[in-house]
Each structure stands twice: as C-alpha cells, then as structure tokens.
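S.K.: below: sequence and its predicted model.
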Amino acid sequence: MRIILTERLKAHIFRSTGATLLAFFLSFPLNVQAADEPTHLPVAYLTKEREAPTALSNLDPVIHDSGIQGARLAIEDNNTTGRFTNQSFTLEEVVVPLEADVVQAFKALAAKGYRHVVARLSAADLVRIQALPEATDLLIYDISTRDDALRGQECSAQVLHLLPSRAMRADALAQYMLKKRWQNWFLVIGPGDNDRLYASALKRAAKRFGMRIGEEKTWTHTFDARRTAQSDVPVFTQGVDYDILVVADEAGLFGEYLAYRTWLPRPVAGTQGLVPTAWHRTHEQWGAVQLQNRFREQAGRWMTEEDYAAWLAVRAIGEAATRTGSVDHSRIKAYLLGDAFAVAGFKGKKLSFRSWNGQLRQPVLLAAARSLVAVAPLEGFLHPKNELDTLGYDEPETKCRLE
Amino acid sequence: MNILTKTVIFLSLALLLNGAPAETIFVTLEKDNALAVVDGESAQLVKTVAIGRRPRGIALSPDYRRLYVAASDDDAIQIIDADSLTVIGTLPSGEDPETFALDPDGERMYVSNEDDNLVTVIDIAEQKALKQIPVGVEPEGIAVSPDRKWVVSASETTNMVHWIDPKTLEVVANTLVDTRPRAATFTSDSKQLWVTAEIAGTMQVLDVDSKQIIKTLTFKIAGVGQEKIQPVGVKVDRVRRWGYVAIGPANRVAVIDAQKLEVEAYLLVGHRVWNLAFSPDQSRLYTTNGVSNDISIIDLKRHKVIKSVAVGRYPWGVAVKP
C-alpha cells in the first residue's frame, strides 16, 4: 500500500507550505468558517485488480485506471475549494492484487483511521466488506456495482451507491421507448449472470411502463464476429416482429454485432446501441463539457462511468465538508444523508442520496456511440416527490431495510 | 461630428419616426463562431460576422467603440471595432475564457478561466495580463462594483463568491452560496450583489458591506416543473426598481421587485434563456435564448415581450450599443 499523489496535488501541497499560500490562508476567512490550521480529511480508495476482459476489437483501449482518475480529480477540486475553507483532502490509493484478499486491505484502512472509503469492487467483495465490524463507523462509496440486490435485500447503512442500478437504467430506457412508442420488445440475453440481472431489470421496467416483451431469446451462438455477424444474427432474429431489439450483454461479447444485421430493420438498445448510462463522452450539456475537459487534461482519455462515480463520491464528501464547515465524520454523514444535501453532477439536476437505500438519485443518459439521444427522466414522467425517483426502486417498493 | 452627437441625432430621428430605439444589438453565437448584429429599430437581423471559435462573453467598451468577445476555443478575448466589425486585436485572457467583466473606466478586464480555476486581470491599453488570481473550481460569473471597490468571481463547483480587492488583486473574503452559482451583478449603488444559482434554482442577494446573504429568492411557475428552474443571467436597473433573472429551461424571465426583493411576474421568452442586456436607456431588455436560436425583446415599461428575432445557433451573450 502506498500513497500516490498526482503531480498537481504534490504541487498543491508544496505550495501550501510556502509562505505565499500561508498568507493566503490567513487572509481569507471572513465569512467561511475556518480554523487557523487547515483541517484535514483523508479519503481512501480501495480497488482490486481485475482480469482484463477479452478485447473485442482494437477500437477502444483497455483502461486500467478507471475510477481512480475521477477520485484524483475530485480531490484536486476539493483542495481548490479547501483553500478558501481551510480544509485539505488527501487520497490513499490501495490496489489489491488479483489473488489477494480485499477484506485484509479494508481492515488495514479502517485500522489506520480512514472513515471514508471509495470502493471500486465487485458486488461479492462489497458484500463481504460491508458486513465487517470495521465497517460500522465508516462510509463506503460504491462506484462500481449496479446490482439492485445491493440496494435491496442486501443493502447496508454503511454503503452509498454512486452509479445507477440496473433498474434505474432499464427504467430510463423504457421511458424513452414509451415516448417513441416502441413498445414491443425482442429481448436478447447473454450468457453471463449479470446479463440475467440486466434482463430482469428490463422485464421489470417493461411491466412498469407498459411494454410488451413479445420475444425473449438467450444468445447461444458463438462470439466470433465473422461467423456471428454474417449468418447467426439474421437467423436468430428471423420469424418474429417487434419494434426494437433490446440486448442484455454486459460483457460486450456479441451485442455490438446485432445492429444492421437483424432480419427486419430494427434499432438496438440496452447494453449496446442506445445505452442507458451515468456518463458518456457525448454528454456536454449543463457544463459537462468543462468536467470532460478537465478530466481529459488530467487523465489523457475519456471519463468512464466509474471515473464519474468516483468524482461524485469525493466531491460529495468535499461538499459536505464545505457546507458543515467540518471534517467530522458524523457531521459529514448526517449532512450527506440529510435533506439539505445536493451535489451538482453536470446533469442539470440536484443529486442527492435516497434515504431508503443509499442510492444516488440522478438523471440517466441515453447515449448512442456519437450522439446523446435523451436524458431520463423524460418530460411527463411525474413523481409526487422527486421526478428522479421515477427511475429504479422507489421508497414503497424497496426491499432494503436499513437499521 | 463626434460619436455622441451622431448618436443623439440618430436617436432623435429614430424616435421621431416610430418611437423604437436606433440601437444595435450584438449577439455571440456559440455554435456558429459568429457575431449576429440586430438593428433595434426594425428588430431585424442585419448581418452575421464570422469571429473567433466558440464566442461566449461579450461587452462594449464604455465609449461604445470597441466590442470585446471571449472566443473560448481560441483562448483569447477578441477586440472588435464596433463600427467596422473587424477584429483589431486580442487580449491575453488565459485558457478557455467564458465570461469577463470590465471595470467602469474600461481600463481593466477581469476574465474567468473556467478550466484553470483562475481569474485573469488584463490591462486593456497595454494588452497585457497583470495577474492570475486563484479562485474556486470553475469560475464563471464575474462583476465589478460600480464604485470600483470590489471584483467578485463566482465558482460553480466550489459554490462560492470570491471577493477580490481590485487594488491588491487578492481574494480577501469568500461567501458560500447556493449550488452552482452562475451569474453575478452589483446594484448600481454598489450596496448589493445579486447571484443566481443554477442547480439550487435560487437567486441570492448579498449585502456588500457584510458579505452575507440577506435574501434567497425561489421561483415557482405554474405548469413548469421545479427541475426546469435554473436561473442564469441577472440584471438590476439603475434605480433599483426592478431586477430580472433569466430562468434557463423554464423559458421565462422573472421580474423582481428590487425594493421588496420579491418576484413580481414571469415573462415567457424563447427556449433556454441565458443572458440579458438592457438597452442604453433601460426601456428594453434583450435576452439570448440558447435553444430556440433567437433573442427576445422585452418592453420594460409594460413588462411585455414584444418580439423575437432569429439570430443563429446557440446565442449566448448580448451587448447593446446606442
């Protein structure tokens, strides 16, 4: 384990110790609460190495630092703000090797006194750490999973989920399908467990928004582009009429081959084609282009969903520290989960956490490869309290029982 | 004939003819890399002039002879001759300039460098950057008080208004404001600062002496969802009788009683209303409507929208020359 500081952060800390900035600090605090010494809030980032997925093509480079780059940018943003509030933020990055145990690493962070842990872990690993006694007094910011179970029956009061769940994504898609009146779906499900979970979310959304799943098939063909594309897809989609092909292929093994090859000319949506997502490179409204630019300057690549989630997690901590004028864990936690909390996420709406399951309520983007098609919730989908809660499990439906 | 005499004669003639002002409205077109020129008298688009890339902020020099335009993707402020509409120079604005403010004498310019968390101070005559002042994340709204005592910069992600002393060019105070502050403007007596918060959906009035928030206004429009309440541009008239707030995707300008600090009315304008500018005599208000690609003209005596003029893609900033 080691502390990795970005070059900019190093420069910042170096400058912080300089006389100029000291004078800067002392000259501020007319209106914003501040102590003489900057108060310090340490944040930990915990991830585990993942096996590189099979590359389908050379178009998209494999990203090895998804998530952490977003956290680094947010730490830098928090420190920019912290200059004015006399607060400083640091990030300890822990990467657990493939064969090692996440639990030990998590315990070590807790023992070192970390109370905010940004976690880029699998659902299985997250369940293991959230149940540890060491987790009781800290907050875990899940920036990677999309499982509804973790936000339902397996939920934990120690975990906040930054990415939209599968149910939220499916609902976003269904709202758009309803608007377009593409109500007869052909559902194609991939071979993975996650594909079945995605398909369940799609089925739930179809029911909620009055869609009809006229055909459902599991993909049993090969994942070979040449063979699949040219012969299997037309045959697979033959003999049935539908409005849109909805695909559940989270690993991206075959979904990209479907478009333009179906028997009937039909659009594709779901995990490929028109995709419901928390963040996308085509998104530039509501100042998003500024975040995209700052991120690209730092990371040298586009921002992934995990980067966005990590940025939001660390920014949420920073926002709570600014508004409460405190780095005290219980005050920050109370503020994050309270009614007053709102973080700006470049999606045109106030983002906040659902009190019933720790899910960040947020708009979901519907993106094609090179064009942002729509942003859900779509106009006309109403909710008595907050229209963002038309996406995913609402309070009366949740299976989460927080202590 | 000097400019003033010319203007007076022109104005009188125009008023004699039909009562409409003979002013010229300049609008930056963010997507067209161009400047739209609208004649106030006829309310017609006169011409469109190619300028720098992604032009956003715009202002006229106090003598109305020059236009300054932030060409964001060219990383410069362009100086444009207000008569010939040719680019006659650039100012070193730092990277990605979006908005800027001129001091009342037109000697200095303060530029928000959104991507670098800086305010660049420019000596206009020397065409030279004097200083870069570190502020919060994504500075946007910027304003100079008419009494020249303060420059304020609002940072969108830090959610603060930073108070800069123009003598020392140092940040000397900060006020935490509502989520995602966008635009800021001083009242003409320099006693109040009005700040819009886009994501919070509010407009806050700050007392300049204490630097405290004295009022938070919220907006409620029948038939318009709260999520569409995203205040951006803000202006207050010279006598502090009325204030105006552009409420973005709500497609409305809120009319605010500037004495009571209460919303008086909502005027329906074009889609995604962004920025506002008064006519020189403050009898009209011009709005840029980013999505409907037009400007709306509001008669301020009657508080009525009287016309909209199509100008080009993504109209952003607006400035009016007599």
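M.R.: That came in fine, so what should we check first?
S.K.: quick one: the strands in the stretch 101-250 of chain B, in order.
M.R.: B:108-113, B:118-123, B:128-134, B:139-144, B:151-155, B:160-165, B:170-176, B:181-186, B:192-197, B:202-207, B:212-218, B:234-236, B:242-246 (DSSP state E, counting those that start in this stretch).
S.K.: swap in the stretch 101-250 of chain A?
M.R.: Going by DSSP E, counting those that start in this stretch, the stretch 101-250 of chain A shows strands at A:116-120, A:139-142, A:159-161, A:184-189, A:212-218, A:244-248.
S.K.: got the contact list for residue 58?
M.R.: Looking at chain A here, since you left the chain open. Going by Cβ atoms under 8 Å, 6 or more residues apart in numbering or on different chains, A:Asn58 touches no other residue. (Each C-beta comes from the backbone N, C-alpha and C, glycine too.)
S.K.: that's the wrong chain, I meant chain B
M.R.: Applying Cβ under 8 Å, 6+ apart, we find B:Ile58 in contact with B:Phe26, B:Val27, B:Thr28, B:Leu35, B:Leu67, B:Tyr68, B:Val69, B:Ala70, B:Trp316, B:Gly317, B:Val318, B:Ala319.
S.K.: would you list those in CSV and tack on pLDDT, distance to A:Thr322 and neighbour count?
M.R.: Formatted as CSV, the contacts of B:Ile58 follow (pLDDT from 0 to 100; distance: Cβ to Cβ, whole Å; neighbours: other Cβ atoms under 10 Å in any protein chain shown):
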residue, pLDDT, distance to A:Thr322, neighbour count
B:Phe26, 98, 38, 24
B:Val27, 98, 36, 28
B:Thr28, 97, 33, 31
B:Leu35, 97, 39, 27
B:Leu67, 97, 38, 24
B:Tyr68, 97, 33, 25
B:Val69, 97, 34, 28
B:Ala70, 95, 28, 29
B:Trp316, 97, 29, 23
B:Gly317, 97, 30, 26
B:Val318, 98, 33, 24
B:Ala319, 97, 35, 22
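S.K.: how many neighbours does the nearest residue to B:Ala200 once chain neighbours are set aside have?
M.R.: Using Cβ to Cβ, 6 or more residues apart in numbering or on different chains and skipping the chain neighbours, the partner closest in space to B:Ala200 is B:Asp178 (3.5 Å). Counted with other Cβ atoms under 10 Å in any protein chain shown, residues neighbouring B:Asp178 total 21.
S.K.: which bits of the stretch 151-300 of chain B sit near chain A?
M.R.: Contact residues, the stretch 151-300 of chain B versus chain A (Cβ under 8 Å from any Cβ of the partner chain): B:155-160, B:162-163, B:170-176, B:179-180, B:199-200, B:211-212, B:225, B:227, B:230, B:249.
S.K.: can you flag the buried ones in these?
M.R.: B:155-160, B:162-163, B:171, B:173-176, B:179-180, B:199-200, B:211, B:227, B:230, B:249 (16 or more other Cβ atoms under 10 Å in any protein chain shown).
S.K.: roughly how far apart are the residue nearest to B:Ala200 and B:Pro231?
M.R.: Distance, B:Asp178 to B:Pro231, using Cβ to Cβ, to the nearest Å: 10 Å.
S.K.: identify the contacts common to the two.
M.R.: B:Ala197, B:Thr202.
S.K.: report pLDDT for the closest residue in space to A:Val102 that isn't next to it in sequence.
M.R.: Nearest-residue entry for A:Val102: A:Asp125, 4.6 Å, with adjacent residues in sequence omitted and distances by Cβ to Cβ, 6+ apart. Per-residue confidence (pLDDT) for A:Asp125: 97.
S.K.: and if you look at B:Gly201?
M.R.: Reported pLDDT at B:Gly201 in the predicted model: 95.
S.K.: try the one 4 residues further on
M.R.: Confidence per residue is given as pLDDT, and for B:Val205 that number is 98.
S.K.: ok, it - contacts?
M.R.: By Cβ under 8 Å, 6+ apart, the neighbours of B:Val205 are B:Gln192, B:Leu193, B:Trp194, B:Val195, B:Ile213, B:Ile214, B:Lys215, B:Thr216, B:Leu217, B:Leu261.
S.K.: by neighbours, which of those wins?
M.R.: Neighbour-wise, the contacts of B:Val205 (other Cβ under 10 Å) top out at B:Leu193, 28 neighbours.
S.K.: for A:Thr262, see how far away that one is.
M.R.: 59 Å.
S.K.: now the helix or strand harbouring A:Gln292: average pLDDT?
M.R.: A:Gln292 is part of helix A:288-299 when elements are defined by DSSP states H and E. In this model, helix A:288-299 carries a mean pLDDT of 95.
S.K.: what residues sit buried inside it?
M.R.: Here helix A:288-299 shows A:Ala288, A:Val289, A:Gln290, A:Leu291, A:Gln292, A:Arg294, A:Phe295, A:Gln298, A:Ala299 as buried, counting by 16+ other Cβ under 10 Å.
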